[in-house]
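# Give me the fold of what follows.
(2 chains)
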Amino acid sequence: MAEAATRTPWRLKVHNMEACNCSNGCGCQFNGFPDYGKCEAIVGYEVIEGHYGDVNLAGIRAVFAGKWPKAIHEGNGKGVLFIDASARPEQVQSLATILSGQAGGMPWEALGATLTEVEGPILQPIEMTINGRKSSFRVPGIIDVHMTALVNPVTGVESEVHVVYPKGGFIWNDGEVGTTATMHIQHGDFNFQYPGKWAAYAVAEWTNQV
Amino acid sequence: MQSSTALEVVLKRDRLIVLGGLVGITALAWAYTGYLAWSMDCMNMAMPYMQTWSITELVLLFVMWAVMMVAMMVPSAAPMMLLYTVINRRRREQQQPYVPTAVFLGGYLLVWAGFSILATLLQWGLHSAALLSPMMVSTSPVLGGLVLLAAGGFQWTPLKYTCLAHCRSPLGFLMTDWREGHRGALIMGLRHGIYCVGCCWFLMALLFVAGVMNLLWVAAIAAFVLVEKVVPRGDLVGRVVGSILVLAGLVILGQVLRII
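Numbering: from 1, shown residues only, chains lettered A, B, ... in the order given. You can find the predicted model right below:
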């Protein structure tokens, strides 16, 4: 399409691990408003396969933390982006361009429009354990997110919960829902912790190609 | 990725321009709606009491409905329009093709114009059946009670939930229903408009009970739509108000049937 011709084509398929301050059913996923007025979230990504133009992005890890004073769509958000220190400079540049929304493509172009300030990319070692709703990731000394399964309070059995959008969700289509055992960040303005809240793991696919 | 201050200033100004435009359009529409209501009150310009209306009167009636819908619906569409504006402003800053928000808003308002045609025809039908007075107020308490009952019940239906969820989630809509170009923007506007009509059409039927040009009710319904769409937990407010409408309908019907 002529409209997108001048933009570098990109495509990403990632492990998406998200945790935020909402209750177990993150309100923003369903009706646009967070449960407790504001949104504070940390999301980890590991690229399964993907590219930005000629730059291969497979295997790159990144962590994005964001906070919005009200609902995300009302804007005034602040974000900070960490990219794994092992990534090559052109990979860092490419991933940062995509995740800031500058290369177009949903969901990042719309999310980018809600952020007035983004810090980074900050290069740091990122540790990740991909294991569905029990995944975890760390930026040592700064961020620690450990997801765990929801447990049935009566029987004590772990619940296998999925949130599925058969016709396509706005970030991902099929999320394994859990909760957080640990969820905190300490970095400048970003200083929060929300254990026991919303957490989800999903494989997400995004592109700026029609 | 460091945000530049200059860019932020431009961004904020752009939001202000669109916000100013939305406020201006809304204010004009309200002024015109108020003028029409005033004309009817003070100058005795009620709709002719004849069984048939001329085409001119029908067109004027349509204009009245369309302007009133602009006045009532543009404020609650503002969060969506503003987010759309920022996305396109950023594209413009990057020398990318962008689309003015007016195209998106135009699609949205086209749907409400279509709705206004249906409302005009319905009003014509009700008038012909002598169910509306020349002042455009329902003459039948039974009809009034039934409309209240149905409008309140509608607040609790899956259709209402689905449409309201779409309207309350601008980010979700833009992420999943995004289309490129002017034509894409128009289609997005139409789709967003259809969800909003799905959400609010029955509320507009209340105007036939209270009087189509009853400014107090027009304002109250517009304020309610705004709360329902842009305030956290507004969806719960919608259900509570739905229950109140059902109660009011039951009371009116009860009085007609002399049960209470």
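
# biggest helix in chain A by residues?
Longest helix in chain A, counting residues (DSSP state H): helix A:89-99.

# gap between that helix and the chain center?
Computed by Cα atoms, centre = their mean, to the nearest Å, the chain-centroid distance of helix A:89-99 equals 15 Å.

# quick one: buried residues of it?
For helix A:89-99, a neighbour-count test (16 or more other Cβ atoms under 10 Å in any protein chain shown) marks A:91-99 as buried. Every C-beta, even on glycine, is put in place using the N, C-alpha and C of the backbone.

# Helix or strand: which one has the residue nearest the centre of chain B?
Taking Cα atoms, centre = their mean, the centroid of chain B lies closest to B:Met73, which sits 3.4 Å from it. Taking DSSP states H and E as the criterion, B:Met73 maps to helix B:55-93.

# and what of B:Met213?
Residue-wise, B:Met213 maps onto no helix or strand under DSSP H and E.

# what residues are up against the nearest residue to it once chain neighbours are set aside?
Leaving aside its chain neighbours, B:Met213 sits nearest to B:Ala37 (4.4 Å; criterion: Cβ to Cβ, 6 or more residues apart in numbering or on different chains). Applying Cβ atoms under 8 Å, 6 or more residues apart in numbering or on different chains, we find B:Ala37 in contact with B:213-215.

# What about those residues, which one has the most neighbours?
B:Met213 (23 neighbours; other Cβ atoms under 10 Å in any protein chain shown).

# just checking, it touches B:Ser39?
No. Using Cβ atoms under 8 Å, B:Met213 is not in contact with B:Ser39; the gap is 9.2 Å.

# related to what we said a few turns ago, in a helix, that's where the residue nearest to B:Met213 is, yeah?
Yes. In this structure, B:Ala37 lies within a helix as judged by DSSP: H, G, I helix; E, B strand; the rest coil.

# Give me the distance between it and B:Met188.
Here the distance between B:Ala37 and B:Met188 works out to 33 Å (Cβ to Cβ, to the nearest Å).

# swap in B:His166?
12 Å.

# May I ask you to confirm that B:Gln95 belongs to a helix?
No. Counting by three-state DSSP, one finds B:Gln95 to be coil, located in no helix.

# Report the contact partners of it.
With Cβ under 8 Å, 6+ apart, B:Gln95 has these contacts: A:Thr6.

# same check, this time on the one 5 residues further on
Taking Cβ under 8 Å, 6+ apart, we find B:Pro100 in contact with B:Asn88.

# Please report the distance of it from B:Gly24.
Using Cβ to Cβ, we find B:Pro100 at a distance of 15 Å from B:Gly24.

# what do you get for B:Val218?
19 Å.

# Nearest residue to the residue in chain A that chain B sits nearest to in space, please, no chain neighbours.
In chain A, the residue that lies nearest chain B is A:Gly32 (3.3 Å; Cβ to the nearest Cβ). Leaving aside its sequence neighbours, A:Gly32 sits nearest to B:Ser169 (Cβ to Cβ, 6+ apart; 3.3 Å).

# ok, how many other residues are close to the one you found?
For B:Ser169, using other Cβ under 10 Å, the count is 25.

# Next up, phi/psi of it, please.
Main-chain torsions, B:Ser169, degrees, to the nearest 10: phi -120, psi 70.

# can you tell me how far the spatially most central residue of chain A sits from B:Leu253?
Centrality entry for chain A: nearest residue to the mean C-alpha point is A:Val43, 3.3 Å, by Cα atoms, centre = their mean. Distance, A:Val43 to B:Leu253, using Cβ to Cβ: 53 Å.
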